[in-house]
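J.: any chance you could fold what I've pasted below:
(4 chains)
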Protein chains: 2
Amino acid sequence: MSGFADGSARGRVTLQHIADELGVSTATVSLSLRSSPLVAAATRDKVQAVARALGYIYNRSAASLRTARTNMIAVGFNDIVNPYFGELLAAIEETLAGSGHTVLLGTYCDDPAKQDRVLRTLKEYRPDGMIVCPANGAAAASLTDVSDAGIPLVQVSREISDVGLDFVGSNDALGTRTALDHLFELGHRRIAIIGGTDAMSTGANRRNAYRACLAERGIAVEPELMVAGFGTRDLGFAGIHALLDLAEPPTAAVCFNDLTAFGVMLGLRHRGREAGRDFSVVGSDDVKEAELWAPGLTTVKNHQAEMGRRACERLLARMVNPALTPERIVIAPTLVVRGSTTSIG
Amino acid sequence: MSGFADGSARGRVTLQHIADELGVSTATVSLSLRSSPLVAAATRDKVQAVARALGYIYNRSAASLRTARTNMIAVGFNDIVNPYFGELLAAIEETLAGSGHTVLLGTYCDDPAKQDRVLRTLKEYRPDGMIVCPANGAAAASLTDVSDAGIPLVQVSREISDVGLDFVGSNDALGTRTALDHLFELGHRRIAIIGGTDAMSTGANRRNAYRACLAERGIAVEPELMVAGFGTRDLGFAGIHALLDLAEPPTAAVCFNDLTAFGVMLGLRHRGREAGRDFSVVGSDDVKEAELWAPGLTTVKNHQAEMGRRACERLLARMVNPALTPERIVIAPTLVVRGSTTSIG
DNA sequence: CTGAAAGCGCTAACAT
DNA sequence: ATGTTAGCGCTTTCAG
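T.: Next up is the predicted model:
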């Protein structure tokens, strides 16, 4: 046991201690520890041996001050309990570990003001880059404040329009169209859309695609079939209850994400109905749980693991070349048909 | 847009720039920005205004070098895709945000060697504390290396025996006993235990409780009813298949966690059986999905959100007083009975 | 191949 | 109430 009474890590062994021990300079020690070819192999080995013997621990804060690099990547998400973001975060963490980076995490629950506070704090740690999923209603400035501070930033999953920053996400409109086409083919005409708001790109894209898709088929868009809100189980549960109470209830629903779809399926069951029998439900994301449900959830796979990996790749590319033109990397979603959808009647 | 051609954040505005602008010292600026009562209100306001105008960003690396505090808490987990750990991490992140700390994240997939590498890296960032769930088979030294380096450490969920470090987790033995008692009451006698290994405290505690519990009731422990392994869906799926292939299959199973239980339920379905009708399944954790399944999963609630909060509280307490005697904070699990268990015959 | 010296941006004594 | 000074631990010229 060591550590100091004041709780600090002061008094710990530094380059100077190793240097003193061996009668060399700290410069030599520093180079040796990084196995620089500039130092003789014999010296290097002696230094490394002494470092180990003394229990030396590299101090990244000190190095960062000197090099202006931290090897940290900040990740800002709304919520990590949603398995979609859990899977996305896991992919990011794993990819970044491979390039020697460590994740600094902040969350802000779709609250733009909290997002601003969290991003400001993250900025102060001077991460080498940042991966952000913007909060519902977030302003462009909340992200440009980061990139203007010289911190490369990649938006993931959601984007702020015309912000001039990299984005890696799914083709939301295509996903919604694919889901709706599937339902149309099954004979559905009264279809609800549950979850998402027009103040987040994923919500707006999907809701607009819904409006357009219906219009193309000559179906009137009925506002009460568009349940807006965050993609939670509760929204799905409450939403389907309200929809079933309508004079003319829908026969199917596309949901903002799988959690919402789970809520819908549960709500149906509470009303004595069953998804895939009396009603059709399409989710979005294809989280691990989706295929395990009974019935399995028909859903739009958004490839979150690939999304995470590609966001990292893009960020690393921008870190080596900050002059890169911002790019939108859009991954094509794929419909996975399972048991929660069925033909009408 | 700023940022430098070399990608560094060098040349950014520092205390010195603000000081020069106002003709005061950096000390005054530093104090002003932290709203110290030592500096006159008028000065403070001027400094803060100039700081804002110049787009000053506090540099925590520099401050850390001086203060030996980083306000980062490192969190080391095996896996964050498992919703149990997702919920635990979310609770930790949220609690720590409340005390001005930011989470630095590392994962190591139950690989002790990888855990050592990850913890070493995390140590180098000099976090003010660390919350760790040890990997399967991890040695005591992998954790004492951290605390010996003067970094307060709290084990969460799993613990290494006799390591002399704080621990916040569930009463695993009690959980297993409660689950088994429930099954015994329903008339089950041939009960399997699926998941967990003797090289992780949660696994060992539960498997030992299983052995003891059966012995107390005069039931022989049959090794083939004890399926060892990590708590994955795949293990549950493969495990139940193997168990059903036995000459005398069990009528019930307690699972290491809910994921494993989900795998079991799915495996049952593949064999034309249904949990809660032909077989009884008990999970562990009570992740959000557990109650939404059909049938709902009977499971042992391990109160992961509370666990996360209490781990943070303990860590913060140890940060202010490193001399605290290590404590085991054990939360009593509670059985949540749903539809996946039923009486025999 | 190694050493000396400067300095990254900040804070904390200490002095005024 | 503010300034001066030193230094946290490291890396990087620049000399030798």
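J.: how about the residues of chain A near DNA strand C?
T.: With C-beta under 7 Å from any atom of the strand as the criterion, chain A comes near DNA strand C at residues A:23-28, A:31, A:38-43, A:65-66, A:68. All C-beta atoms are positioned from the backbone trio N, CA, C, and that covers glycine.
J.: among these, name the buried ones.
T.: By neighbour count, with 16 or more other C-beta atoms under 10 Å in any protein chain shown, those hold A:Val24, A:Thr28, A:Leu31, A:Val39, A:Leu65, A:Ala68 as buried.
J.: and the residues you listed, which two are the farthest apart?
T.: The most widely separated members of these, counting by C-beta to C-beta, are A:Val24 and A:Ala68 (26.5 Å).
J.: A:Val336: neighbour count?
T.: 16 (other C-beta atoms under 10 Å in any protein chain shown).
J.: give the contact list for it.
T.: A:Asp286, A:Ala290, A:Glu291, A:Thr298, A:Thr299, A:Val300, A:Lys301 (C-beta atoms under 8 Å, 6 or more residues apart in numbering or on different chains).
J.: ok, now with 7 Å
T.: Residues counted as contacts of A:Val336 (C-beta atoms under 7 Å, 6 or more residues apart in numbering or on different chains) are A:Asp286, A:Thr298, A:Thr299, A:Lys301.
J.: if any of those residues are buried, give me the PyMOL selection for them.
T.: Selecting only the buried entries of these in PyMOL, with 16+ other C-beta under 10 Å as the criterion:
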select buried, chain A and resi 286+298+299+301
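J.: save the contacts of A:Val336 as a markdown table, and put in pLDDT, distance to B:Leu214 and secondary structure too.
T.: Shown next, in a markdown table, are those (pLDDT from 0 to 100; distance: C-beta to C-beta, whole Å; DSSP: H, G, I helix; E, B strand; the rest coil):
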| residue | pLDDT | distance to B:Leu214 | secondary structure |
| --- | --- | --- | --- |
| A:Asp286 | 97 | 40 | coil |
| A:Thr298 | 98 | 43 | strand |
| A:Thr299 | 98 | 42 | strand |
| A:Lys301 | 98 | 43 | strand |
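J.: closest to chain B out of the contacts of A:Val336?
T.: The closest of the contacts of A:Val336 to chain B turns out to be A:Asp286 (C-beta to the nearest C-beta; 13.6 Å).
J.: just give the nearest non-adjacent residue to that closest one, would you?
T.: A:Lys301 (3.8 Å; C-beta to C-beta, 6 or more residues apart in numbering or on different chains).
J.: quick one: stretch A:272-280 near chain B?
T.: No: against chain B, stretch A:272-280 shows no contacts by C-beta under 7 Å from any C-beta of the partner chain, the least distance being 8.9 Å.
J.: could you list the buried residues of that stretch?
T.: Of the residues in stretch A:272-280, those buried (16+ other C-beta under 10 Å) are A:Glu274, A:Ala275, A:Gly276, A:Phe279, A:Ser280.
J.: run the chain-centre distance for whichever helix or strand A:Glu93 is part of.
T.: Element membership for A:Glu93 (DSSP states H and E) is helix A:83-98. A distance of 8 Å separates the centroid of the chain from that of helix A:83-98, by C-alpha atoms, centre = their mean, to the nearest Å.
J.: and the helix or strand following it, what does it pack against?
T.: Sequence-wise, the next helix or strand downstream of helix A:83-98 (DSSP H and E) is strand A:102-107. Judged by 3 or more C-beta pairs under 7 Å, 6 or more residues apart in numbering or on different chains; DSSP states H and E, the packing partners of strand A:102-107 are strand A:72-77, helix A:83-98, helix A:112-124, strand B:102-107.
J.: report the angle between strand A:102-107 and strand B:72-77.
T.: When axes from the mean of the first three to the mean of the last three C-alpha atoms, to 10 degrees is applied, the directions of strand A:102-107 and strand B:72-77 differ by 100 degrees.
J.: listing partners with orientation, what would you give for strand A:102-107?
T.: Partner strands for strand A:102-107, per DSSP bridges, with pairing direction: strand A:72-77 (parallel), strand B:102-107 (antiparallel).
J.: pick the most deeply packed of the ones you listed.
T.: With neighbours defined as mean count of other C-beta atoms under 10 Å in any protein chain shown, the strands paired with strand A:102-107 peak in mean count at strand A:72-77, which reaches a mean of 27.
J.: residues near A:Pro112, how many?
T.: Should you count by other C-beta under 10 Å, A:Pro112 turns out to have 16 residues around it.
J.: same thing with the one 10 residues further on?
T.: Around A:Leu122 sit 23 other residues, with neighbours defined as other C-beta under 10 Å.
J.: that one reaches A:Ala74, doesn't it?
T.: Yes: under the criterion of C-beta atoms under 7 Å, A:Leu122 makes contact with A:Ala74 at 4.0 Å.
J.: just to revisit the earlier point, mind putting the helices and strands packed on strand A:102-107 in CSV, distance to B:Leu225 and mean pLDDT included?
T.: CSV is the format used below for the helices and strands packed on strand A:102-107 (distance: least, C-beta to C-beta, whole Å; pLDDT from 0 to 100):
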stretch, distance to B:Leu225, mean pLDDT
strand A:72-77, 41, 98
helix A:83-98, 31, 97
helix A:112-124, 48, 98
strand B:102-107, 32, 98
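J.: out of those, which comes closest to DNA strand D?
T.: Comparing those by their distance to DNA strand D (C-beta to the nearest atom of the strand), the top pick is strand A:72-77, with 15.2 Å.
J.: quick one: residues in contact with the closest one.
T.: A:85, A:89, A:92, A:96, A:101-108, A:115, A:118-119, A:122, A:125, A:127-133, A:315.
J.: hang on, the earlier thing: let me know which of the helices and strands packed on strand A:102-107 is the nearest to A:Arg52.
T.: strand B:102-107 (21.8 Å).
J.: any idea how far the closest one is from the chain center?
T.: 11 Å.
J.: for stretch A:165-181, buried residues please.
T.: A:165-180.
J.: which one of those is nearest to B:Ala51?
T.: A:Leu165 (25.3 Å).
J.: distance of that closest one from DNA strand C?
T.: Using C-beta to the nearest atom of the strand, to the nearest Å, A:Leu165 is found at 24 Å from DNA strand C.
J.: same question, A:Trp293
T.: 51 Å.
J.: quick one: which of the strands paired with strand A:102-107 is nearest A:Gln155?
T.: Here strand A:72-77 is closest among the strands paired with strand A:102-107 (C-beta to C-beta), at 10.0 Å.
J.: now that closest one and helix A:112-124, what's the angle there?
T.: Using the same axes, to 10 degrees: strand A:72-77 against helix A:112-124 is 170 degrees.
J.: between the buried ones among the residues of chain A next to DNA strand C, which is nearest B:Ile329?
T.: The closest of those, once distances to B:Ile329 are taken by C-beta to C-beta, is A:Leu65, at 37.2 Å.
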